[in-house]
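Visitor: can't give you the sequence, but here's the structure:
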């Protein structure tokens, strides 16, 4: 049986989890509300202060959906209580990030500045050479961070570009002259 799927999800104080038809789960908490439709085959039960997920049979597809469903609900609960945060670092001479309103402007060595609009429910801020992305939806935070990183990925020779704060860049040795 799925080790992750078997574990019950504890509901912290101030958080309400409600179920609608078609396995539509709504999680309300101090930071906001998240809603998601989960696989219909999974059986989700809210009992007192915990949520349990059970699967109908032991088919390979059901096994994989079991752990996924539990993790998605858990991520929603963590999102509405603590929220999620990703930190990106801008490295390179003349590479800059600026924030004005909901617009993030990146100077990345192109002939033009790259402008990005913060998605709904996502907040970004700039602190020196760091870009901090915060939100309650783990998926959206990760997606927006990946989109920003894609504007100029770190290169292996000098390490210039936008990287995650905990990312390790495999460095390469440059050309050697005679």
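Guide: Now that the structure is in, tell me what you want to look at. These figures come from a predicted structure and were not determined experimentally.

Visitor: quick one: secondary structure of residue 141?
Guide: helix (DSSP: H, G, I helix; E, B strand; the rest coil).

Visitor: separation between it and residue 85?
Guide: Using Cβ to Cβ, to the nearest Å, one gets 7 Å for the distance from residue 141 to residue 85. In short, each C-beta sits where N, CA and C put it, glycine included.

Visitor: Kindly list the longest helix within the chain.
Guide: helix 60-81 (DSSP state H).

Visitor: so what does that one touch, helix or strand wise?
Guide: helix 3-6, strand 9-10, strand 24-29, strand 32-37, strand 50-54, helix 138-150 (3 or more Cβ pairs under 8 Å, 6 or more residues apart in numbering; DSSP states H and E).

Visitor: Can you give me the buried ones in the last one?
Guide: Of the residues in helix 138-150, those buried by neighbour count under the rule 16 or more other Cβ atoms under 10 Å are 138, 140-141, 144-145, 148-149.

Visitor: between it and helix 60-81, how big is the angle?
Guide: 90 degrees (axes from the mean of the first three to the mean of the last three Cα atoms, to 10 degrees).

Visitor: how far off strand 32-37 does the longest helix of the chain point, in degrees?
Guide: Using the same axes, to 10 degrees: helix 60-81 against strand 32-37 is 170 degrees.

Visitor: which ones are touching the closest residue to residue 153 other than its chain neighbours?
Guide: Excluding the flanking residues, the one nearest residue 153 by Cβ to Cβ, 6 or more residues apart in numbering is residue 161, at 5.2 Å. Counting by Cβ atoms under 8 Å, 6 or more residues apart in numbering, residue 161 makes contact with 91-92, 95, 108, 152-155.

Visitor: Just the buried residues from those residues, in PyMOL please.
Guide: Buried subset of these, written as a PyMOL selection, criterion 16+ other Cβ under 10 Å:
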select buried, resi 91+92+95+108+152+154
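
Visitor: Between the contacts of residue 161, which sits nearest residue 66?
Guide: Top of the list for closeness to residue 66, among the contacts of residue 161 and by Cβ to Cβ, is residue 153 at 34.9 Å.
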